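J.: compute the structure for the input listed below.
(chains A and B)
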Amino acid sequence: MLRDAVRSVTALLLLTVLCGGAYPLVVWGVGRVAFHDAATGSLVRADGRVVGSRLIGQEFTSDRYLQGRPSAVGYAADAAGSGGTNLGPNSREQADAVAELRARVAAREGVDPARVPVDLVTASASGLDPDISEAAALIQVPRVARARGLPEGEVRDLVTAHVDGPVLGVLGSRHVRVLEVNLALDRLR
Amino acid sequence: MPELAFPVILVALAVAAAWPLSWWLERVYAGRTGVLGRVLGPAERGAYRLLRTDPGREHGWAAYARCVLLFSAACFLLLCLLQRLQAHLPLNPDGLGAVSPAPAFNTAASFVTNTNWQGYVPEQTMSQLIQMAGLSVQNFVSAAVGMAVAVALVRGIARSRSGTVGNFWADLVRGTLYVLVPICLAIAVVLVGRGAVMTFGGTETVTTLDGGTQHIARGPFAAQEAVKQLGTNGGGTFNANSAHPLSNPTALTNLLANWALLVVPFAFAFTYGRMVGRRREGVAILAAMLILLGAGLTTALVAEHHATPALAAAGYDGAPNMEGKEQRFTVDEAVTWSVTTTGTSTGAVNSMHDSYTATAGGVQMAMMLLGEVAPGGVGAGLYGMLLFVLVAVFVGGLMIGRTPELLGKRIGSREVRLALLGVLVMPVGFLLCVAVAAATGAGTAGPLNAGPHGFSEILYAFASAWNNNGSAFAGLSANTDFYDLMLGVAMLIGRFGVIVPVLALAGALAGQQRRPQGPGTMPSSSPVFVALLVGTVLLVGALSFFPALALGPFAEALTGRLY
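T.: So this is what the prediction gives:
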């Protein structure tokens, strides 16, 4: 009994060195040497300062920018966090929130409420979703073009150039990376 | 059905890789480690020297069980200690304080039992040291313990008149060193390359393009991401788990991570066949697992392409249910992950289960409540399914009036009693816990949602804990003393209350002399037996859980009402 208890502690310490020390250090080392940018969070810079991560969505409120999906955690504005609303399928709170948001987006973009895609009115799982559907990006084009004084065609081409997926035709959805479009918009002038 | 394209590709890739892996597993647990053994052999032998154990000297079932329990107790204590002393330990760039006693108990129980239920918000609770040297280590060793127990049971079936079922220390070291670590290394490197974060830098606070503030949580997390999938653990480093873009950034990492949680449980079915010397036996087990998994996948996929009553009320009648899902993944990828993660006792999520349609949410619960056998966790899925095999053999034997036998081993009253104990500890404990939670103020204070979905949130939590899954209907406020303690105890009994009967069974079977099989023996690899096995699993599940499920997901699915 006692001997097995000692073995338990010894085994745990040995496996901690292997799985909690050597293993993560090797992965970290490979990341550092081969994929430094990806391993450190895919941070993006604009005008010499870090403005976010290429993989993480941001809160956009200005008319000059494409806007992303609703976030249950406010895109981690107050604290490092992530998550969804966890509202259930029969939730009145969710039905009301979606209906209200749909009307607001329709008014903002000047389109019929029936044209507002579902991803623009439902909160993502992470609250940090960097992407929206192509339709959700396209209904925002006229408003962004107007706010920036750009021809609509130019903004639409830019959006179309940032459509991603599906990988190999089967993996993932067709989506637009919101932050990257907005960075490209800022680079236009 | 186009919805089935992704799951079919995924399952095919996992089965294809499981076959060679099952060959490797059989060799590793027999101590024949080939080329990898020449490289890692010195480390393995050094470990045996420090442990003062001879891998050739095996234990009887009771000694094996004692080692499992003592080792798990040591893991539990170390995890408690690390969490309570967090503020004084290094690698804590965000300056997090000690974890309170109740959540520390819950988390230690959770990670030692391969459940990885998380009542806490990782980004704001656990330092990099605890993630790496505490939780991530448990992701490996709790998986290796489950694999060892499964191997011990299979040895019991395969051997004749043997007093031993294996050397636990050798099984633990070999499973970790030769199986989990090498595969995780390969997976983790791909994940890092595609954007999963792996840095010792802490949270990065930035001013966004639009002038706001954003806190980007970072840490050495990709390494843990790999093992949390491969070891069917599920406990992540972010609150949003594998929905977080720095955890699961692309459709490719999603495929790899989803594949990783299926491959070892599938391989164990084949390994069973190899170890008992009849590969068809393993194929039959996998067939039963795939039938159950396929039924769950199909039902959930069809359901989730329909709007929920809430979305329909807001004017999105024909739209897919995107609440709680990420745009970069298709609905099919989210649903497939959700059914495979509940079917394998992983519990990692790439979408928020609480917001699924009632039918798909009910499927997720059913996958857990069937006892985590479709295909179940690493090792745990196989030994859980073998318990059902014994029950099916017994029932089948009674039906045709023959002595129940499995591979020449008589399934007598001792064997059946042990198998039923292992099968029934979860349903009994689960229903008791749900009743207590539904009848007390502390329990009913938990749910976020009103109406039947609130009850579903409680059901889901205990289904997850008792079956060592770890996923959640995350609307439940589970970080209270009541839920921390109830769920913590549930996870411990749900794990070790099954492991001990399984090992006792291994001992009982190993001691028997193998009897020659005659024409009257019921074959345990025929399609008829697979049907009997699937029927047994479903029958035990339906009889145990139908009333409880009727009050939760069934009631939700049958009404369009909003609450």
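
J.: ok, now which ones touch the closest residue to residue A:165 other than its chain neighbours?
T.: Distance criterion C-beta to C-beta, 6 or more residues apart in numbering or on different chains; nearest residue to residue A:165, sequence neighbours excluded, is residue A:172 at 4.3 Å. No exception for glycine: its C-beta is placed from N, CA and C like everyone else's. Contacts of residue A:172 were listed using C-beta atoms under 8 Å, 6 or more residues apart in numbering or on different chains, and they are A:164-166, B:250-252, B:254, B:328-330, B:333.

J.: is chain A contacted by the helix or strand where residue B:48 lies?
T.: Taking DSSP states H and E as the definition, residue B:48 sits inside helix B:34-51. Yes - contact between helix B:34-51 and chain A is present through B:43, B:47, B:50-51 (criterion: C-beta under 8 Å from any C-beta of the partner chain).

J.: mind putting these in TSV, distance to residue A:80 included?
T.: Compiled in TSV, the residues of helix B:34-51 next to chain A are given as follows (distance: C-beta to C-beta, whole Å):
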residue	distance to residue A:80
B:43	37
B:47	38
B:50	39
B:51	40
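
J.: of these, closest to residue B:35?
T.: When the residues of helix B:34-51 next to chain A are compared for distance to residue B:35 (C-beta to C-beta), residue B:43 wins out at 14.7 Å.

J.: ok, now which ones touch that closest one?
T.: For residue B:43, the contact set (C-beta under 8 Å, 6+ apart) comprises A:18, B:177.

J.: can you read off the pLDDT for residue B:336?
T.: Turning to residue B:336, the model gives it a pLDDT of 98.

J.: cool, residue B:267 as well?
T.: Per-residue confidence for residue B:267 comes out at a pLDDT of 98.

J.: my guess is it contacts residue B:15. True?
T.: No - using C-beta atoms under 8 Å, residue B:267 is not in contact with residue B:15; the gap is 9.3 Å.

J.: settle it for me: which of the two has more neighbours?
T.: The residue with the greater number of neighbours, taking residue B:267 and residue B:15 and applying other C-beta atoms under 10 Å in any protein chain shown, is residue B:267; the counts read 28 against 17.

J.: roughly how far apart are that one and chain A?
T.: To chain A, residue B:267 is 20 Å away according to C-beta to the nearest C-beta, to the nearest Å.

J.: for that residue, give me its contacts.
T.: When contacts are counted by C-beta under 8 Å, 6+ apart, residue B:267 touches B:17-19, B:21-22, B:25.

J.: all helices for chain A, in order.
T.: Taking DSSP state H to define them, one finds helices in chain A at A:2-15, A:23-34, A:36-39, A:92-109, A:134-138, A:141-148, A:152-161, A:178-188.

J.: check contacts around residue 153.
T.: Assuming you mean chain A. Per C-beta under 8 Å, 6+ apart, neighbours of residue A:153: none.

J.: could you do chain B instead?
T.: Going by C-beta under 8 Å, 6+ apart, residue B:153 touches B:165, B:382-383, B:386, B:502-503, B:505-506, B:509.

J.: between the contacts of residue A:172, which sits nearest residue B:317?
T.: When the contacts of residue A:172 are ranked by distance to residue B:317 (C-beta to C-beta), residue B:330 comes first, at 20.1 Å.

J.: can you give me the mean pLDDT across stretch B:449-458?
T.: Stretch B:449-458 shows a mean pLDDT of 95 in the predicted model.

J.: could I get the buried residue list for that stretch?
T.: The neighbour-count criterion (16 or more other C-beta atoms under 10 Å in any protein chain shown) identifies B:449, B:451-458 as the buried residues of stretch B:449-458.

J.: nearest residue to the one residue in the stretch 151-300 of chain B that gets nearest to chain A other than its sequence neighbours?
T.: Closest to chain A within the stretch 151-300 of chain B is residue B:251: 2.7 Å, counting by C-beta to the nearest C-beta. Distance criterion C-beta to C-beta, 6+ apart; nearest residue to residue B:251, sequence neighbours excluded, is residue A:172 at 2.7 Å.

J.: distance of the closest residue to chain B within chain A from residue A:124?
T.: Taking C-beta to the nearest C-beta as the measure, the point where chain A comes nearest chain B is residue A:172, at 2.7 Å. Distance, residue A:172 to residue A:124, by C-beta to C-beta, to the nearest Å: 15 Å.

J.: residue B:14 now?
T.: Counting by C-beta to C-beta - residue B:14 and residue A:124 are separated by 27 Å.

J.: over to residue B:404?
T.: From residue B:404 across to residue A:124, the span is 52 Å (C-beta to C-beta).

J.: which stretches of chain B form strands?
T.: Using DSSP state E, the strands of chain B run over residues B:204-207, B:213-216, B:405-406, B:409-410.

J.: relative to the third one, what are the paired strands and their orientations?
T.: So the one you mean is strand B:405-406. For strand B:405-406, the pairing partners within the sheet under DSSP bridges are strand B:409-410 (antiparallel).

J.: where does pLDDT dip in the chain?
T.: The chain I'm using is chain A. Residues of chain A meeting the criterion pLDDT under 70: A:189.

J.: nope, chain B please
T.: Along chain B, segments meeting pLDDT under 70 span B:1.

J.: other SSEs contacting the helix ranked longest in it?
T.: Secondary structure of chain B read by DSSP H shows that its longest helix is helix B:481-511. Taking 3 or more C-beta pairs under 8 Å, 6 or more residues apart in numbering or on different chains; DSSP states H and E as the contact definition, the neighbouring helices and strands of helix B:481-511 are helix B:61-84, helix B:101-112, helix B:136-158, helix B:380-400, helix B:413-439, helix B:441-444, helix B:452-466.

J.: quick one: the longest one to chain centroid distance?
T.: Mean-position distance between helix B:413-439 and its chain equals 18 Å (C-alpha atoms, centre = their mean, to the nearest Å).

J.: in it, what's buried?
T.: Applying a neighbour-count criterion of 16+ other C-beta under 10 Å, the buried positions in helix B:413-439 are B:415-416, B:418-427, B:429-431, B:433-434, B:437.

J.: hmm, back to that, of residue B:14 and residue A:124, give the one with the bigger neighbour count.
T.: Counted by other C-beta under 10 Å, residue B:14 and residue A:124 do not tie: residue A:124 has more neighbours, with 35 against 22.

J.: now the angle from the helix holding residue B:48 to helix A:2-15?
T.: Between the axes of helix B:34-51 and helix A:2-15, defined by axes from the mean of the first three to the mean of the last three C-alpha atoms, to 10 degrees, the angle is 130 degrees.

J.: identify the residue nearest residue B:463 in space, chain neighbours excluded?
T.: If you skip the residues right next to it in sequence, residue B:463 has residue B:368 as its closest partner in space, 4.5 Å away by C-beta to C-beta, 6+ apart.

J.: and the gap between the one you found and residue B:62?
T.: In terms of C-beta to C-beta, residue B:368 sits 30 Å off from residue B:62.

J.: more crowded one of the two?
T.: Between residue B:368 and residue B:62, counted using other C-beta under 10 Å, the more crowded position is residue B:368 (29 against 13).

J.: my read: the more buried one touches residue B:469, true?
T.: Yes - using C-beta under 8 Å, residue B:368 makes contact with residue B:469 at a distance of 4.9 Å.
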